[in-house]
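Student: fold the stuff below for me.
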Amino acid sequence: QVQLVESGGGLVQAGGSLRLSCIASGRTFSSYYMGWFRQAPGKEREFVAAIRWRGGSTHYADSVKGRFTISRDNAKNTGYLEMNSLKPEDTAVYYCAASDLLGVASILYRDWGQGTQVTVSS
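Tutor: From the prediction side, this is the model:
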């Protein structure tokens, strides 16, 4: 099992930026994919981005391509989600998660963090 702890959420104006962090501990993370999901009030949890821990290949939802960047620091066992040009519709609780497989479906991800709130004001 992998333990995940997110941080970095907050309140930002439209057009602003935030960087989320996700620290992983427990079972070695080297063979995993780290994904970021978000869930807005009244909506289903949706895929945002994912990165292969070994190799660094990435995958993004169309809604965030060109604005968000996922990365990781192997030495720190930490993943990041850099969010730029934020829009009010990006407002949600953001979760990081770990999976053995790359995919956009939340069911593929076994381990989840507690989430961090991102609020974008217009």
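Student: mind listing what the residue positioned nearest the centre of the chain touches?
Tutor: Residue closest to the mean C-alpha point of the chain, counted by Cα atoms, centre = their mean, is Trp36 at 2.4 Å. For Trp36, the contact set (Cβ atoms under 8 Å, 6 or more residues apart in numbering) comprises 20, 22, 47-50, 70, 79, 81, 94-97. Backbone N, C-alpha and C define where each C-beta goes, glycine included.
Student: name the element the residue lying closest to it once chain neighbours are set aside belongs to?
Tutor: Sequence neighbours aside, Val48 is the residue nearest to Trp36 in space, at 4.3 Å (criterion: Cβ to Cβ, 6 or more residues apart in numbering). Using DSSP states H and E, Val48 maps to strand 46-52.
Student: give the buried residues for the helix or strand just after that strand.
Tutor: As assigned by DSSP H and E, the chain's next helix or strand after strand 46-52 is strand 58-60. Under the neighbour-count criterion of 16 or more other Cβ atoms under 10 Å, strand 58-60 has His59, Tyr60 buried.
Student: ok, which stretches of the protein are strands?
Tutor: 2-7, 10-13, 18-26, 33-39, 46-52, 58-60, 68-73, 78-83, 92-99, 111-112, 116-121 (DSSP state E).
Student: average pLDDT for the first one?
Tutor: Predicted confidence along strand 2-7 averages 94 (mean pLDDT).
Student: no further queries at this time; thank you.
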